[in-house]
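> Model the structure of this input:
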Amino acid sequence: MRVVIGWMLGVWLALCGPVGAEPYPPYHSLAVNDEADLLPADAEARIAARLDTLREASGIEVTVLTLPTRASYDPADSLEAFATRVFNGWGIGDATRNDGILILVLAEDREMRIELGAGYNPEYDIPAQDIVNRVMLPAFRDGRMAEGIETGTEAVITQIVERHIEGLSPPPAQNRDWIGKVLAIGVVLAFAVSVLRTQIWKLIGRVKRCPNCGAVGLNRERVIDTPATRDHTGSGHTEERCRNCDWSRRTPFTVSRKTRNSGGSFGGGRSSGGGASGRW
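From the prediction side, this is the model:
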């Protein structure tokens, strides 16, 4: 009898979830809350600046939230129910227009959602799903989390928010392939610029003279030893080695803390559950 009671208690606790768990996390920023630590400092700063500019110019609140898992909070029936709970709990968007958007990424659960405010026409679920399927999930499956979040956020702005502001209908289905190609090109160009900057720095080393032997040609590398977080700076070092002698130099540098904006509150908007989900 004691065993049966213990088993029943265990099942009940499993179904009820963690006792006293919060229903959703608090927010520290109106733009980006990277609780899963998926975004390098520069990517987080770019996304935050883009969303801050959008909010100041149009009054529309788009926010990004990453979490390791939703299991840490009061259990919801589904990803969709959890996203709606966060959205309405935070009050994303203007209270009269209900035009906010939540981009939610759950790293360990391997699932994500674009939750739209109640003011968006249901037709906007279609481009939202297109952004999930064509822009964000392929990057996530390749482990390019920051790239997927940044490019997906930009797609949400251009394909949903800007068209909503202009009173336009979502782009027709036959144009989606073209949109996907343009977004893909944008991803490639952004990556190429980042790579090019590093390569130029390395190429400059090839024409520098060695301080020891005077010969031309240094090999250069930039290494991150400790990644930065929102609470602590990171560290790294550059390495320079002569190709002609045994001279080398190691120069430490500091990686800036990841951006965390503070202050302000959302406008009291709500969602009725519209949007799009994906899993990878």
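> can you pull the buried residues of the helix or strand harbouring Asp52?
Element membership of Asp52 [criterion: DSSP states H and E] is helix 41-58. Of the residues in helix 41-58, 41, 43-48, 50-52, 54-55, 58 count as buried by neighbour count, 16 or more other C-beta atoms under 10 Å. Just so you know, the C-beta spots here come from the backbone N, C-alpha and C atoms, and that holds for glycine as well.
> what does stretch 108-120 give?
Those would be 111-120, for stretch 108-120 by 16+ other C-beta under 10 Å.
> Can you name the residues that contact the spatially most central residue of the chain?
For the chain, Ile149 is the residue whose C-alpha lies nearest the centre (C-alpha atoms, centre = their mean; 3.7 Å). Residues near Ile149 by C-beta atoms under 8 Å, 6 or more residues apart in numbering: 38-39, 43, 47, 64, 66, 103, 105, 136.
> Would you agree it falls within a helix?
Yes. Per DSSP: H, G, I helix; E, B strand; the rest coil, Ile149 lies within a helix segment.
> Look up the closest residue to Val86, ignoring the ones flanking it.
Taking C-beta to C-beta, 6 or more residues apart in numbering, and ignoring the residues beside it in sequence, Val86 has Tyr24 as its nearest neighbour in space, at 4.4 Å.
> distance between the ends of stretch 150-166?
23 Å (C-alpha to C-alpha, to the nearest Å).
> Now do the buried residues in that stretch.
150-161, 163-164.
> Put together JSON lines for those, with pLDDT, distance to Ile131 and secondary structure on each row.
Shown next, in JSON lines, are these (pLDDT from 0 to 100; distance: C-beta to C-beta, whole Å; DSSP: H, G, I helix; E, B strand; the rest coil):
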{"residue": "Glu150", "pLDDT": "97", "distance to Ile131": "12", "secondary structure": "helix"}
{"residue": "Thr151", "pLDDT": "97", "distance to Ile131": "9", "secondary structure": "helix"}
{"residue": "Gly152", "pLDDT": "97", "distance to Ile131": "6", "secondary structure": "helix"}
{"residue": "Thr153", "pLDDT": "97", "distance to Ile131": "9", "secondary structure": "helix"}
{"residue": "Glu154", "pLDDT": "96", "distance to Ile131": "10", "secondary structure": "helix"}
{"residue": "Ala155", "pLDDT": "96", "distance to Ile131": "5", "secondary structure": "helix"}
{"residue": "Val156", "pLDDT": "97", "distance to Ile131": "6", "secondary structure": "helix"}
{"residue": "Ile157", "pLDDT": "96", "distance to Ile131": "10", "secondary structure": "helix"}
{"residue": "Thr158", "pLDDT": "95", "distance to Ile131": "10", "secondary structure": "helix"}
{"residue": "Gln159", "pLDDT": "95", "distance to Ile131": "6", "secondary structure": "helix"}
{"residue": "Ile160", "pLDDT": "96", "distance to Ile131": "8", "secondary structure": "helix"}
{"residue": "Val161", "pLDDT": "95", "distance to Ile131": "12", "secondary structure": "helix"}
{"residue": "Arg163", "pLDDT": "91", "distance to Ile131": "12", "secondary structure": "helix"}
{"residue": "His164", "pLDDT": "92", "distance to Ile131": "14", "secondary structure": "helix"}
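> Looking at these, which one is closest to Asn219?
Glu150 (31.1 Å; C-beta to C-beta).
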